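**Student:** sequence-free structure coming up:
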């Protein structure tokens, strides 16, 4: 597991204490684009967490528009709120049936 010390530092330090810390796990093509299996970032919504992850892993940007997101095992849209310790999974489309 890879944890980034710079995770979530897209805003000022005071803001970090207000946003939950979440794990972002990448699957298949998203993992290849990120170059790691998992990151820890801060974000109040799926969108904020994905934005923080993309700041750490710019290679994700072209993959994300086609991805689905799970929060603690449930499919969610990018406006879904996050709680501290949540797991956000990034799933690109999979080939096959």
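**Tutor:** On my side now, so go ahead. These numbers were taken from a predicted model, which means no experiment stands behind them.

**Student:** so where's this protein uncertain?
**Tutor:** 1-17, 95-97 (pLDDT under 70).

**Student:** Show residues contacting the longest helix seen in the chain.
**Tutor:** Assignment by DSSP state H gives helix 46-56 as the longest helix of the chain. Residues outside helix 46-56 that contact it (Cβ atoms under 8 Å, 6 or more residues apart in numbering): 4, 6-8, 10, 19, 22, 24, 34, 39, 41-43, 60-61, 64, 69, 71, 76-80, 82, 88, 90. C-beta: built from backbone N, CA, C; applies to glycine.

**Student:** Now do residue 81 against residue 33, distance only.
**Tutor:** To residue 33, residue 81 is 26 Å away according to Cβ to Cβ, to the nearest Å.

**Student:** ok, the two, which is more surrounded?
**Tutor:** Neighbours were counted for residue 81 and for residue 33 using other Cβ atoms under 10 Å; residue 33 has more, 20 against 13.

**Student:** can I assume that one sits in a helix?
**Tutor:** Yes. Counting by DSSP: H, G, I helix; E, B strand; the rest coil, one finds residue 33 located in a helix.

**Student:** isn't it right next to residue 65, touching?
**Tutor:** No. Using Cβ atoms under 8 Å, residue 33 makes no contact with residue 65, being 12.0 Å away.

**Student:** now the helices for the chain?
**Tutor:** Using DSSP H, helices in the chain cover 13-16, 28-34, 46-56.

**Student:** Please identify which of those is closest to residue 94.
**Tutor:** Nearest of these to residue 94, taken as Cβ to Cβ: helix 28-34 at 6.2 Å.

**Student:** contact partners of the closest one?
**Tutor:** The contact list for helix 28-34 (Cβ under 8 Å, 6+ apart) reads 26, 37, 53, 57, 59-60, 62-64, 67, 90-92, 94.

**Student:** what distance separates that helix from the middle of the whole chain?
**Tutor:** Mean-position distance between helix 28-34 and its chain equals 12 Å (Cα atoms, centre = their mean, to the nearest Å).
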